[in-house]
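*Asks:* I would like the atomic coordinates for the input below:
(one chain, ligands or ions: 1)
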Amino acid sequence: MPPSAPPVHVDLLSDTLTKPTDAMRRAMAGAPVGDDVFGEDPTVRRLEERVAELLGHEDALFAPTGSMANQLCLRLHVGHGEELVADSLAHVLRAEMGAAAVLSGISSRSWVAEHGLLDAAQPLALMIPDGGTYQVNTRLVVVENTHNFGGGTVQPLDQIEALRAGTRDRGVAMHLDGARLWNAHVATGVPLDTYGRLFDTVSVCLSKGLGAPVGSVLAGSRDLMASARIWRKRFGGGMRQVGILAAAGLHALDHHLERLADDHARARRFAEAAAAAAPGSIDPQRVQTNIVVLDVARAGWAPAAFVEEAGRRGIRLYPVSATAVRLVWHLDVDDAGTDRAVTELVPLLADGPTS
Ligand SMILES: Cc1ncc(COP(=O)(O)O)c(C=O)c1O
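*Replies:* Here you go, the predicted model:
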């Protein structure tokens, strides 16, 4: 028999791992439903209207995943043989399996952003709104907020505003991959609709820090959302009595939004302990939300070896690059779990791989 994997005591692999709470399950069980492909699910409609209002847009559409929500928005803005630009660590480029090219014939170029942090001058310099007969026309800039692979980075509002000013009237649209926009809002106090109104379309996820089991929502103008509804069906994302899932999202918005601040505080506490033991592994000031990207190579570790040793100690992590591992705080990791992560992982950083 193969040896069984060690038990996981603290799961910091991703904020997508959360299990629905009992209260969320009750809300799901009691939700009124109908056939959403016919626009007859009242709970889905309630969620769409609520998210549209939160994000400052006319309308919204429920989608099964963040990837589909993003891909629908990309499809709305960019035609076959045209291009989008995004930073090189953006989820739409790095982790959606080439969907923009495969599903929509979209060409992509990227700029390099340290920690995923937006500097508006970079996309503005990269985009070619009028490529004529020789160069590819840029139709869309994608901004990710917070930035996942960048380490939960919150995008500066003034840079988003500068980007909007530079794209306006040049035929270049802006899409916000706001899978974790909730975290940016809670970390900064900037209203969701202040972020939302700066973009033509926005996608948000209910299944990450908010703790719903499934679901994302995209938002934009009434016309764009009508078109997105058709493309969602074409992409195979038309769902039926899906109000039971929308109910989880509504419950999450009511009960799990403000508590994201707890995840941020725990992530920061871990980062401060790591930085004290192994200076250079992390700058705690950079930990603005629920994600910690830890440079373990500085302490002599290969990321895969660090992840394996952490696993032996009951902590699950993700190797995010050739030098770093990622830890993500969420609804199912409490103070005790954070203490355990500190106790188990910080000595590994302090002592290096020979300990
Ligand atoms: C920034 C970002 N956008 C989009 C997604 C895609 O979400 P999903 O896994 O629901 O497709 C993720 C998933 O982790 C993400 O981190």
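
*Asks:* let me see the contact set for Thr188.
*Replies:* Neighbouring residues of Thr188 by CB atoms under 8 Å, 6 or more residues apart in numbering: 154, 157. To be clear about C-beta, it is placed using only N, CA and C from the backbone, and glycine gets the same treatment.

*Asks:* the same query, at a cut-off of 10 Å, please.
*Replies:* With contact set as CB atoms under 10 Å, 6 or more residues apart in numbering, Thr188 has these partners: 146, 154-157, 194-195, 288-289.

*Asks:* got phi/psi on Ala86?
*Replies:* Dihedral pair for Ala86: phi -150, psi 160, per degrees, to the nearest 10.

*Asks:* so how far is the ligand from it?
*Replies:* To the ligand, Ala86 is 11 Å away according to CB to the nearest ligand atom, to the nearest Å.

*Asks:* use 37 as the first number for this chain going forward.
*Replies:* Sure, I'll start counting at 37 from here, so that last one is Ala122.

*Asks:* the helix or strand hosting Arg200 packs against which elements?
*Replies:* Element membership for Arg200, per DSSP states H and E: helix 193-203. Contacts defined by 3 or more CB pairs under 10 Å, 6 or more residues apart in numbering; DSSP states H and E place helix 193-203 against helix 157-162, strand 174-180, strand 209-214, helix 228-232.

*Asks:* dump the shortest one to PDB, restricted to CA.
*Replies:* So that's helix 228-232. The C-alpha trace of helix 228-232 is given here as PDB (Å, rounded to 0.1, in the frame of the first residue of the first chain):
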ATOM      1  CA  LEU A 228     -16.600  48.900  -4.300                       C
ATOM      2  CA  ASP A 229     -18.400  51.100  -6.800                       C
ATOM      3  CA  THR A 230     -15.500  53.600  -6.800                       C
ATOM      4  CA  TYR A 231     -13.400  50.700  -8.200                       C
ATOM      5  CA  GLY A 232     -16.200  49.400 -10.300                       C
END
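
*Asks:* name the next helix or strand following it along the chain.
*Replies:* Going down the chain from helix 228-232, the next helix or strand is strand 237-241, by DSSP H and E.

*Asks:* that older thread, so can I have TSV of the helices and strands packed on helix 193-203 showing mean pLDDT, mean neighbour count and distance to Met104?
*Replies:* What follows is the helices and strands packed on helix 193-203, written out as TSV (pLDDT from 0 to 100; neighbours: other CB atoms under 10 Å; distance: least, CB to CB, whole Å):
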stretch	mean pLDDT	mean neighbour count	distance to Met104
helix 157-162	98	17	24
strand 174-180	98	26	15
strand 209-214	98	26	12
helix 228-232	98	20	19
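
*Asks:* TSV for the ones you listed, including distance to Asp95?
*Replies:* Listed next are those as TSV, based on distance: least, CB to CB, whole Å:
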stretch	distance to Asp95
helix 157-162	27
strand 174-180	19
strand 209-214	16
helix 228-232	12
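
*Asks:* Ser239 is nearest to which of these?
*Replies:* For the helices and strands packed on helix 193-203, proximity to Ser239 was assessed by CB to CB; strand 209-214 is nearest, at 5.9 Å.

*Asks:* does that closest one come close to the ligand?
*Replies:* Yes. Using CB under 6 Å from any ligand atom, we find that strand 209-214 touches the ligand at Asp213.

*Asks:* which ones are touching the closest residue to Lys269 other than its chain neighbours?
*Replies:* Among residues not flanking Lys269 along the chain, Val73 sits closest, at 6.9 Å (CB to CB, 6 or more residues apart in numbering). By CB under 10 Å, 6+ apart, the contact set of Val73 is 265, 268-269, 274-276, 278.

*Asks:* hmm, 8 Å instead?
*Replies:* The neighbourhood of Val73, defined by CB under 8 Å, 6+ apart, consists of 269, 274-276.

*Asks:* C-alpha coordinates for the helix holding Arg200, CSV please?
*Replies:* The C-alpha coordinates for helix 193-203 follow below in CSV (Å, rounded to 0.1, in the frame of the first residue of the first chain):
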residue,chain,number,x,y,z
LEU,A,193,-6.6,54.0,-7.0
ASP,A,194,-4.6,56.9,-8.6
GLN,A,195,-3.0,54.5,-11.0
ILE,A,196,-6.3,53.0,-12.1
GLU,A,197,-7.7,56.5,-12.6
ALA,A,198,-4.6,57.4,-14.6
LEU,A,199,-5.1,54.3,-16.8
ARG,A,200,-8.8,55.2,-17.3
ALA,A,201,-7.8,58.7,-18.3
GLY,A,202,-5.3,57.4,-20.8
THR,A,203,-7.6,54.7,-22.4
